[in-house]
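[1] Next input, structure requested:
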Amino acid sequence: MQIKYFNSTFDHIKNTTSYDKKIIDEISKLPAFNIIFNEKLLNETLEIINQFKVNKKKIVLLGTGGSNLGARALHNINKNKKINIEFYDNVDPITFENSFNNVNFKDTGFIIISKSGNTPETLAQFSSLYQIALQKNNIDQFLSNILIITEFKSSPLYKISKEKNCLTLEHNNKIGGRFSVFSNVGVVPAILSGLNIRDLYSGAAEILNNIEKYSVFNLSKFLCMQEQRQYSSNVLMTYSDNLYFFGKWYLQLWAESIGKNKKGITAIHSVGTTDQHSQLQLYLDGPNDKFFTFITTDHSNKGPIINNDIFKNTEIKYFKNKRIGDLMDAEQRATLETFKLNNFSYREIFLPKIDEKNIGKLMSLSMIETIASCIYFDVNPFDQPAVEQGKILTKKYLS
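    Here you go, the predicted structure:
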């Protein structure tokens, strides 16, 4: 992974020495990172997974927010998935009903994730499937094919797991959902998908052990510690479909951590090349209040060959001897060069391959950058107090 900043000066950054020490202290003791060095826990998790995956042709994962997005981001990078995993993080009634009209409870595994064991969306999904299984006389098969990940405490989900004798893994109560991707919340689906978790952990550890080499605090300093702040948006543009759900994971990680006390910078995820045809006009010709991160990889000479004969009676000449990946590569290069020539501040994170080690690096980097930005802004990275009112009202309206 290579990180380069363009049109970005660090001359007017406030002194951050005391903040930097606090950041190092924070991440060094954080269970969300320390878990990657726990080989015993990983082996115990592998044992449970080996029990769970027997005779499964498909996996359904129920969970929302941090109980879904990290796992989905990891699953999405795997080009050769061992098993199909379907992710459900919403309670749209039409989608949910259509998805499970013909569910086969015999060979489908169900992973149900809720840190608190109280998440209304996940409990509603779970109990709806329970009702469907009852109606189909498949309740025993359904319950025997469940793996629950939750805190081991008195909660509805944990009580059900004990009453129904479901396979259960503990969600570490010291790891918040949006920081849980390296825990069993992200690891279990990733292993089932066929990813090498030790490579994932190796990539994460490389960033943790080389903070200075990768200049990990630079983005946070640039966004949060300028003498005159000018950036209201943190735009992440990913040039690979394999990183689509990484972008969605990043939005939660950043937004839920930094948006507090009327402070914060709004995260935006854009997809290259798609959003060049929707958002790029605003980025280039709208307010200059955004910092851009482009995540790129080498697409050249990849994908299907573009047939040039079909264009012989047209003015199209540039596709000769090209593959579709050559167009992707040219477009990402052209976009970055346009930003450079127009003096926009941005950085490029280049991934030579999108694999376990590099996604581990990228996620570790993102988590540290988020924590650092929060500390520079003097906000708590690990809570989300403003959303509690909506949760209370939801339960009130259901009562």
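
[2] Which parts of this protein are strands?
    Per DSSP state E, the chain carries strands over the ranges 2-6, 58-62, 84-88, 108-113, 146-150, 167-170, 233-238, 266-271, 290-297, 346-351.

[3] Would you mind giving those as CSV with distance to Trp249, mean neighbour count and mean pLDDT added?
    The C-beta positions use only the backbone N, C-alpha and C, and glycine is treated the same way. Below are the strands of the chain laid out as CSV (distance: least, Cβ to Cβ, whole Å; neighbours: other Cβ atoms under 10 Å; pLDDT from 0 to 100):
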stretch, distance to Trp249, mean neighbour count, mean pLDDT
strand 2-6, 19, 14, 97
strand 58-62, 14, 22, 98
strand 84-88, 12, 17, 97
strand 108-113, 14, 24, 98
strand 146-150, 17, 25, 98
strand 167-170, 20, 19, 97
strand 233-238, 11, 23, 98
strand 266-271, 9, 19, 98
strand 290-297, 13, 21, 98
strand 346-351, 15, 20, 98
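
[4] Of all those strands, which one is nearest Ile77?
    Closest to Ile77 of the strands of the chain, according to Cβ to Cβ: strand 346-351, at 10.0 Å.

[5] and Ile83, what does it touch?
    Lys53, Lys56, Lys57, Lys58, Ile59, Leu192, Ser193, Gly194 (Cβ atoms under 8 Å, 6 or more residues apart in numbering).

[6] Need the phi and psi values for it.
    Main-chain dihedrals, Ile83, degrees, to the nearest 10: phi -150, psi 150.

[7] Among the contacts of Ile83, which lie within helices?
    Among the contacts of Ile83, the ones falling in helices (DSSP state H) are Leu192, Ser193.

[8] JSON lines for the strands of the chain, including distance to Ile207?
    What follows is the strands of the chain, written out as JSON lines (distance: least, Cβ to Cβ, whole Å):
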{"stretch": "strand 2-6", "distance to Ile207": "10"}
{"stretch": "strand 58-62", "distance to Ile207": "27"}
{"stretch": "strand 84-88", "distance to Ile207": "26"}
{"stretch": "strand 108-113", "distance to Ile207": "25"}
{"stretch": "strand 146-150", "distance to Ile207": "25"}
{"stretch": "strand 167-170", "distance to Ile207": "26"}
{"stretch": "strand 233-238", "distance to Ile207": "17"}
{"stretch": "strand 266-271", "distance to Ile207": "20"}
{"stretch": "strand 290-297", "distance to Ile207": "15"}
{"stretch": "strand 346-351", "distance to Ile207": "12"}
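
[9] Show me the one of these that comes nearest Glu44.
    Nearest to Glu44 among the strands of the chain is strand 167-170; the distance by Cβ to Cβ comes to 8.7 Å.

[10] Can you give me the pLDDT of Arg229?
    For Arg229, the pLDDT comes out at 74.

[11] any idea how far it is from Ala372?
    16 Å (Cβ to Cβ, to the nearest Å).

[12] Can you give the contact residues for stretch 141-155?
    Here stretch 141-155 makes contact (Cβ under 8 Å, 6+ apart) with 48, 52, 56, 67, 105-106, 108-118, 129-130, 133, 157-158, 160-161, 164-171, 173, 184-185, 188.

[13] Using PDB, write out every CA atom in that stretch.
    The C-alpha trace of stretch 141-155 is given here as PDB (Å, rounded to 0.1, in the frame of the first residue of the first chain):
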ATOM      1  CA  GLN A 141     -33.700 -27.200  11.600                       C
ATOM      2  CA  PHE A 142     -33.800 -23.400  11.800                       C
ATOM      3  CA  LEU A 143     -32.600 -23.400  15.400                       C
ATOM      4  CA  SER A 144     -29.900 -26.000  14.800                       C
ATOM      5  CA  ASN A 145     -28.500 -23.900  11.900                       C
ATOM      6  CA  ILE A 146     -28.100 -20.600  13.900                       C
ATOM      7  CA  LEU A 147     -24.900 -19.000  15.100                       C
ATOM      8  CA  ILE A 148     -25.400 -16.000  17.400                       C
ATOM      9  CA  ILE A 149     -22.800 -13.400  18.200                       C
ATOM     10  CA  THR A 150     -23.600 -11.200  21.100                       C
ATOM     11  CA  GLU A 151     -22.400 -10.000  24.500                       C
ATOM     12  CA  PHE A 152     -22.700 -12.600  27.200                       C
ATOM     13  CA  LYS A 153     -25.000 -10.600  29.400                       C
ATOM     14  CA  SER A 154     -28.700 -10.500  30.200                       C
ATOM     15  CA  SER A 155     -30.300  -9.500  26.900                       C
END
